[in-house]
Structure formats: C-alpha cells, structure tokens
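K.L.:
coordinates only, sequence not included:
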C-alpha cells in the first residue's frame with residue numbers, strides 16, 4: 001500500500017482528523033476547521049488519490065490505508081475522527097476495525113452499509129447497481145436520462161448556495177468523461193465490497209460516537225440513518241434542518257458547534273473514572 005496521503009494541518013491540541021466525501025475536497029472543511037483550530041490540532045487529509053486510485057482500492061483496503069496514515073504520522077496517538085458522507089463511512093470503518101486508533105467519532109450524513117439499496121434517489125440505485133463499462137456510462141450520461149441523473153446528483157452533492165449553480169447536466173467532452181470515470185470507479189467500490197462483513201463489525205462497536213444528519217437529506221432518509229445508528233449503537237444523534245447532504249459547507253458553524261460540544265464532553269467511562 002504505497003498510496004501517499006497529503007494533508008493540511010492547523011491549530012494545536014488533541015488531534016482531530018476531518019475526512020471529506022467521495023469527489024469532495026479538503027476545502028469543504030475550511031470553515032469548520034477555522035472554528036475548531038483554537039482547541040484542536042486539525043488534520044484534513046486529501047483522500048482523492050485514495051478514492052480514485054488507478055488500481056481500484058476496495059473500501060476495506062482504503063480503511064487500512066487510512067489506518068497506516070494515522071499510525072505513521074501520529075504514532076501512539078488516539079485521534080478524534082469526523083467524516084462526511086463517504087468520509088463518514090471511512091470513519092466508522094476505521095473505528096470498528098481499529099478501535100485503538102480512535103478516541104471519538106462524529107459522522108455527518110455518513111454513507112451507511114449496503115448503500116446502494118438504501119439510496120433515496122432511484123436514479124442512483126440504478127446507476128450504481130448495474131455493472132456498466134466506462135464507455136457505457138459515458139454514453140448513458142450523454143442521453144436525456146443521463147442529464148437527469150447528473151442534475152439530480154448535483155442537487156445532492158453540491159452546495160449551490162456557496163458554490164453557485166452549475167449546469168452539470170450540460171457537461172460534454174473531457175469534463176463528462178471525468179464524471180463518467182468517477183461514477184464507474186465509485187460503482188465498482190460499492191458493488192465489490194462485502195457489506196455483510198461491515199454489518200457484523202458495526203454490531204461489535206463500543207466506541208463514543210455522534211451521528212449528525214439532515215432531516216431532508218436527499219441521499220439517505222431519516223429511517224436509514226436511524227436504523228444505521230441503532231446498528232452501530234450510536235444513541236447520540238443530532239438532526240439538522242435545511243443543511244442538505246453537504247452540511248459542512250451549507251451550515252459549517254452549526255456543524256462545528258456540534259462537533260466541539262461532542263468532543264469537549266467526556267465519554268461515559270471517562271466521567272466515571274473522574
């Protein structure tokens with residue numbers, strides 16, 4: 001596993017690692033990080049090369065790449081984790097597989113296990129359930145149905161209020177090829193992973209966690225998040241309003257406040273020890 005992860009760092013204190021979503025960016029965490037850097041050593045890894053690795057890393061392998069990153073850069077440390085969407089999935093994957101590395105974990109609109117069948121939009125369930133070739137995906141995105149899919153995806157994964165309206169349904173040429181490559185790669189990850197393995201791991205999790213999700217998230221509904229929280233044994237849930245899926249961009253101050261409160265409060269076993 002030679003995949004090198006670069007990262008941004010700011011502040012001092014306990015280590016807080018912020019994981020962006022698939023196709024996301026370290027920039028998405030900028031405002032949240034600025035709110036927390038006075039109390040934490042905030043680390044924001046750039047995971048693009050891991051997510052989009054040319055040799056196609058299974059989700060399980062990506063978890064191990066992240067574990068090695070933490071062990072190499074922060075030896076003998078237990079870190080706090082906060083992850084959005086696919087970054088949230090990597091967070092719960094790491095915490096359940098390597099609990100000795102993680103102190104507290106916060107999940108913001110995280111990808112749940114068995115994600116394809118839990119996707120709310122039928123367009124996403126279709127595109128990510130069928131093993132299409134890269135060329136087939138590109139051709140399909142060039143059709144009116146493909147344009148509808150891209151428009152729907154933009155509504156979920158883009159914060160139009162801060163990024164501006166982008167007519168992704170009109171993409172052509174290399175830009176459309178890049179999007180097709182992302183979808184093809186992500187589809188392979190979702191279809192190739194053994195989610196039953198992770199379902200079993202989640203049942204055994206005993207760590208300290210907080211689940212933050214938007215009541216009207218367009219990717220997963222409230223029932224999917226609540227079922228996931230029950231599966232994980234995460235009783236600490238915060239329900240946002242009007243944040244959408246990319247909550248760290250649309251409501252960064254609110255997310256930072258919930259993260260700060262959660263990380264500042266001692267876990268039950270720590271309170272008992274005191």
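P.N.:
Perfect, I can see it now. Just so we're clear, the structure is a prediction, and the values are computed from it rather than from any experiment. Numbers count the residues shown, from 1 in each chain.
K.L.:
enumerate the positions of whichever strand or helix holds residue 151 that are buried.
P.N.:
Assigned by DSSP states H and E, residue 151 belongs to helix 144-157. Neighbour-count burial for helix 144-157, counted by 16 or more other Cβ atoms under 10 Å, picks out 146, 147, 149, 150, 152, 153, 154, 156, 157. (C-beta placed from N, C-alpha, C; glycine too.)
K.L.:
what about the helices in the stretch 51-200 of the chain?
P.N.:
Secondary structure of the stretch 51-200 of the chain (DSSP state H, counting those that start in this stretch): helices located at 59-73, 86-97, 115-118, 122-127, 134-141, 144-157, 160-163, 173-192, 195-203.
K.L.:
the longest one: which residues count as buried?
P.N.:
So that's helix 173-192. Buried positions in helix 173-192, judged by neighbour count with 16+ other Cβ under 10 Å: 176, 177, 179, 180, 183, 184, 185, 186, 187, 189, 190.
K.L.:
check the fourth one too.
P.N.:
Along helix 122-127, the positions that meet the burial threshold by neighbour count (16+ other Cβ under 10 Å) are 123, 124, 127.
K.L.:
what's the offset of it from the middle of its chain?
P.N.:
Relative to the mean C-alpha coordinate of its chain, helix 122-127 is positioned 19 Å out (Cα atoms, centre = their mean, to the nearest Å).
K.L.:
and that helix, average pLDDT?
P.N.:
Throughout helix 122-127, pLDDT has a mean value of 84.
K.L.:
swap in the first one?
P.N.:
Helix 59-73 comes out with an average pLDDT of 96.
K.L.:
so it versus helix 86-97, what angle?
P.N.:
Orientation note: helix 59-73 sits at an angle of 80 degrees relative to helix 86-97 (axes from the mean of the first three to the mean of the last three Cα atoms, to 10 degrees).
K.L.:
from the rest of the structure, what touches stretch 128-139?
P.N.:
Stretch 128-139 has contacts (Cβ atoms under 8 Å, 6 or more residues apart in numbering) with 115-116, 119, 127, 140, 176-177, 180-181, 183-184, 186-187, 190-191.
K.L.:
how about that stretch: buried residues?
P.N.:
Buried residues in stretch 128-139, counted by 16+ other Cβ under 10 Å: 128, 132, 137, 138.
K.L.:
run through the residues that contact the residue lying closest to the third one once chain neighbours are set aside.
P.N.:
What it means is residue 137. What sits nearest to residue 137 in space, not counting adjacent residues and going by Cβ to Cβ, 6 or more residues apart in numbering, is residue 180, at 4.6 Å. Residue 180 is in contact with 134, 137, 138, 141, counting by Cβ under 8 Å, 6+ apart.
K.L.:
which one of the buried residues of helix 122-127 is nearest to residue 83?
P.N.:
Among those, residue 124 lies closest to residue 83 (Cβ to Cβ), at 19.7 Å.
K.L.:
who touches that closest one in this structure?
P.N.:
Counting by Cβ under 8 Å, 6+ apart, residue 124 makes contact with 116, 149, 152, 153, 219.
K.L.:
between these, which sits nearest residue 232?
P.N.:
Nearest to residue 232 out of the contacts of residue 124 is residue 219 (Cβ to Cβ; 17.7 Å).
K.L.:
for stretch 94-102, give the mean pLDDT please.
P.N.:
Rounded mean pLDDT across stretch 94-102 is 96.
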